[in-house]
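J.: Got a predicted structure here, sequence first:
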Amino acid sequence: MADKNPHKPDSVLSLRLAVQYQDGGIVSRTILKRDAGNITLFAFDAGQELSEHTTPHDALLYVFEGEAQVYVESNQHKLESGDLIQLPANVPHAVKAIQRFKMMLVMLHE
């Protein structure tokens, strides 16, 4: 059976070093996966985006490096390092890198 937790418990993980940028792309790394939800790190190159979509679960998006534009329904938000936003379940949202940025997405399953 595969380990559902790729990050070793009781060890320190540097968010900034855990996921690296790729020119012209988006890189993701799941660091925790459970039935109750998962935590994934992303690194976006400048101009890269996740187009508008919905998910059946609430999520928290935390920017820990750089700047991003986050769209939730018709609202537009500029997020910078240290900012957090809730993405409600079943509500259209999108993410675009203003500059290279890294984020942590916490998906909360019911």
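T.: That came through, no problem. Residues are numbered from 1 along each chain as shown.

J.: how about low-confidence regions in the chain?
T.: 1-7 (pLDDT under 70).

J.: which residues in the protein form helices?
T.: In the chain, the segments counted as helices under DSSP state H are 15-18.

J.: Which parts of it are strands?
T.: 26-34, 37-44, 49-53, 58-72, 75-80, 84-87, 93-108 (DSSP state E).

J.: residues contacting Ala89?
T.: Contact analysis of Ala89 by CB atoms under 8 Å, 6 or more residues apart in numbering lists 54-58. For the C-beta atoms, the positions are set from N, CA and C on the backbone; glycine is no exception.

J.: ok, back up a step: could you redo the strands of the chain as JSON lines and give each row distance to Leu13 and mean neighbour count?
T.: Converted to JSON lines, these look like this (distance: least, CB to CB, whole Å; neighbours: other CB atoms under 10 Å):
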{"stretch": "strand 26-34", "distance to Leu13": "7", "mean neighbour count": "14"}
{"stretch": "strand 37-44", "distance to Leu13": "9", "mean neighbour count": "20"}
{"stretch": "strand 49-53", "distance to Leu13": "23", "mean neighbour count": "11"}
{"stretch": "strand 58-72", "distance to Leu13": "12", "mean neighbour count": "18"}
{"stretch": "strand 75-80", "distance to Leu13": "21", "mean neighbour count": "13"}
{"stretch": "strand 84-87", "distance to Leu13": "18", "mean neighbour count": "16"}
{"stretch": "strand 93-108", "distance to Leu13": "11", "mean neighbour count": "19"}
